[in-house]
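>>> Quick one, what's the 3D model for this:
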Amino acid sequence: MMPGIWQAAILVIAALILAAMIRLFAGPTAPDRVVALDTVNTLTIASMILLGVIYRQLIFVDVAIVYALLSFVGTLYIAKYIGGEL
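Next up, the predicted model:
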C-alpha cells in the first residue's frame, strides 16, 4: 500500500473541510450553514475511513459509522428547528 497517496487524500479532504468551514461561518442564511455543517461532517467521516485504511484499524470505521448516525440525527433536528416544527 502507498501511504503517500492516502495521506494526500487526507490533505485534500482537510482543505475541503476548511472551505466548508468558511462557508459555515460566512453564511449568509441558516440553511447555508446547515448544509456547510453537514458537508463538514461528511468529509470528517470520509477522513476517518481513510485513516482506517491507512492504519489498517477497523475501529476508525466503527467510529465513522456512529459519527455518521449522530450527524444525520443532528442534521434532522436542526432542519426541523429551522422549518419551525420544533
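>>> what separates residue 9 from residue 51, distance-wise?
If you measure residue 9 against residue 51 using Cβ to Cβ, to the nearest Å, the figure is 10 Å. From N, CA and C alone the C-beta is placed, and that goes for glycine too.
>>> For these two, work out which one has more neighbours and name it.
Higher neighbour count among residue 9 and residue 51: residue 51, with 18 against 15, using other Cβ atoms under 10 Å.
>>> and that one, what is it in contact with?
Residue 51 makes contacts with 10, 57, 60, as judged by Cβ atoms under 8 Å, 6 or more residues apart in numbering.
>>> ok, now with 6 Å
Counting by Cβ atoms under 6 Å, 6 or more residues apart in numbering, residue 51 touches residue 60.
>>> ok, it to residue 75 distance?
Taken as Cβ to Cβ, the span from residue 51 to residue 75 is 23 Å.
>>> ok, now residue 46?
16 Å.
>>> Report the buried residues of the helix or strand containing residue 49.
Assigned by DSSP states H and E, residue 49 belongs to helix 30-55. Residues 33-52, 54 are the ones in helix 30-55 that count as buried (16 or more other Cβ atoms under 10 Å).
>>> helix or strand right after that helix?
helix 59-82.
>>> quick one, that following helix and helix 30-55 angle?
With axes from the mean of the first three to the mean of the last three Cα atoms, to 10 degrees defining the directions, helix 59-82 sits at 180 degrees from helix 30-55.
>>> correct me, but residue 41 touches residue 71?
Yes - with contact defined as Cβ atoms under 6 Å, residue 41 counts as touching residue 71 (3.9 Å).
>>> For stretch 43-54, give the mean pLDDT please.
Averaging pLDDT along stretch 43-54 yields 93.
>>> Span of stretch 79-86 from start to end?
Length of stretch 79-86, first residue to last, Cα to Cα, to the nearest Å: 9 Å.
>>> How far off centre is that stretch?
The chain centroid and the centroid of stretch 79-86 are separated by 22 Å under Cα atoms, centre = their mean, to the nearest Å.
>>> Alright, I will stop here.
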